[in-house]
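> 3D model of this:
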Amino acid sequence: MRKYDPVLTGLALVLFTLNIQAQTPDSARKFFQRGQKSFAAGDLDGAFEDYSRAIEISSRLDGRKTSPTDRLNAANEFNSANSADHVTVIDPFTANAYASRAAVRFQQHFLDEALADFNAAIRINPRLAEAYVGRGVIYRLHENLESAAADFDRAISIDPRLAEAYIDRADSRIEKGDLDGALTDLNRALALKPPRAETHSLIGYVRLLRNELDAAIASFDRAVAMNPQLASAYHGRGTARMKRGEIDSAIADFTRALEINSDLSNTFMNRGLALLLQGKDGAAQKDFKRCLELKPALKDELSNRIELVRTARANK
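Now for the predicted structure:
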């Protein structure tokens, strides 16, 4: 039930404050810093290249020499799950570079490559809590909830003040139906650092699942006030409003969510259902079509919900 964007966007920018060793070559630091700036500016290809250079400079591949044209290939050998056996790391800083590059690959939607880089970071530095969070998020997206939970637990055991670990563990707990545990984690995250819009949004989903509609809407309102571009908060608030029978307001929220992110299959489904309730069958069918284009696996769920709405409309 991932209803918000995984917390990896700022990971690369956080890691530079960790484990910078005296032996780290200045050139590796410079490439890393340039990668940070590229990542922040949205230049993912540039960030990938710079992090790869930082990896190459701060590690050694079995003492083998590499030509200038092979530098990125040498750095990228670590992308294989088994390639760690062929790498001798001379600087723990390399773990930061791998984890940061993993964040780039994640943003580029190369999840397998991101997973390999997080694995590399953890092999180099088993106490890099942020790398466990990143790997756990990928496990979560692959619906491997047990492995995800284990990584979030590990991250928290290393750094009990890492708010992102609590947020992502809460998401996994929601999926398992542990709403009380999820709420405990989210409240802990709020207490640890300045509140995040994503945290309030996820609390809204917990309240929504408990059918605490007023409390859910209040949480989504806070999320939207903090980040007007958070599509998940509009989707959640629209769902709560639809449950309260506030169909026009729900449609407005769903529409805003889709203006921000046009790839939200569940939002198309919910807006279509709201339109169907209003008798706007043509517009509803367009949303249903787009929903299934984005996620064909929703076909049976969508059919069932359409039937329920049509029955409710007929009984008015």
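
> quick check: next helix or strand after the helix or strand where D171 lies?
Assigned by DSSP states H and E, D171 belongs to helix 163-176. Counting by DSSP H and E, the element after helix 163-176 in chain order, helix or strand, is helix 179-192.

> so where's the stretch 201-316 of the chain uncertain?
Within the stretch 201-316 of the chain, no stretch falls below the threshold (pLDDT under 70).

> and the helices in it?
213-226, 231-243, 247-260, 265-277, 281-294, 299-314 (DSSP state H, counting those that start in this stretch).

> before we move on, the earlier item: pull out the buried positions in the helix holding D171.
Going by neighbour count (16 or more other CB atoms under 10 Å), the buried part of helix 163-176 is 163-175. Every C-beta, even on glycine, is put in place using the N, C-alpha and C of the backbone.

> nearest to S147, of those residues?
S172 (9.9 Å; CB to CB).

> A150 is in contact with that closest one, correct?
No: taking CB atoms under 8 Å as the definition, S172 is not a contact partner of A150, at 10.0 Å.

> what's the local residue count around the residue lying closest to L294 once chain neighbours are set aside?
Take L294 and drop its neighbours on the chain: the residue closest to it by CB to CB, 6 or more residues apart in numbering is S265, 3.9 Å away. For S265, the count of nearby residues is 17 (other CB atoms under 10 Å).

> check the one 4 residues further on too.
As a burial measure, M269 scores 24 neighbours (other CB under 10 Å).

> and it, how far from A191?
Note on M269: its distance to A191, by CB to CB, to the nearest Å, is 35 Å.

> Y205 now?
19 Å.

> who's more crowded, these two?
A direct count of neighbours by other CB under 10 Å for Y205 and A191 places Y205 higher, at 27 against 11.

> my guess is the more buried one contacts R173, does it?
No: Y205 lies out of contact with R173 (CB under 8 Å); the separation is 11.6 Å.

> give the rounded mean pLDDT of the helix holding D171.
Helix 163-176 shows a mean pLDDT of 88.

> in contact with D221, which residues?
R237 (CB atoms under 8 Å, 6 or more residues apart in numbering).

> and the gap between E259 and R271?
For E259 relative to R271 (CB to CB), the value is 12 Å.

> how about D45?
If you go by CB to CB, the gap between D45 and R271 works out to 35 Å.

> now do L294
13 Å.

> circling back to that earlier point, just curious, which of the buried residues of helix 163-176 is nearest to Y132?
A165 (7.5 Å).

> that older thread, so D45 and R271 - more neighbours on which side?
R271 (29 against 10).

> need the contact list for the residue nearest to that one when sequence neighbours are not counted.
Computed as CB to CB, 6+ apart, the closest residue to R271 that is not its neighbour in sequence is F254, at 3.7 Å. Residues near F254 by CB under 8 Å, 6+ apart: 234-235, 238, 267, 270-271, 274.

> looking at these, which is nearest A103?
Nearest to A103 among those, with distances taken as CB to CB, is H235, at 24.6 Å.

> surely that closest one and E259 touch.
No: using CB under 8 Å, H235 is not in contact with E259; the gap is 11.7 Å.

> who has more neighbours, those two?
H235 (28 against 11).

> for the more buried one, give its distance to D178.
For H235 relative to D178 (CB to CB), the value is 22 Å.

> go on, L190?
For L190, the distance to D178 - CB to CB - is 18 Å.

> cool, and S147?
Distance from S147 to D178, by CB to CB: 17 Å.

> equivalent analysis for E307, please.
31 Å.

> so those two - more neighbours on which side?
D178 (15 against 10).

> how about that one, phi and psi?
Backbone torsions for D178, taken as degrees, to the nearest 10, come to phi -90, psi 80.

> check contacts around it.
With CB under 8 Å, 6+ apart, D178 has no contacts at all.

> swap in 10 Å and give it another go.
D178 is in contact with 169-170, 172, 184-185, counting by CB atoms under 10 Å, 6 or more residues apart in numbering.

> ok, G279 next?
Neighbours of G279 in contact, by CB under 10 Å, 6+ apart: R313.

> change it to 6 Å
Residues near G279 by CB atoms under 6 Å, 6 or more residues apart in numbering: none.

> ramachandran angles for it?
Dihedral angles (degrees, to the nearest 10) for G279: phi 80, psi 10.

> what is the mean pLDDT for stretch 35-48?
According to the model, stretch 35-48 has a mean pLDDT of 91.
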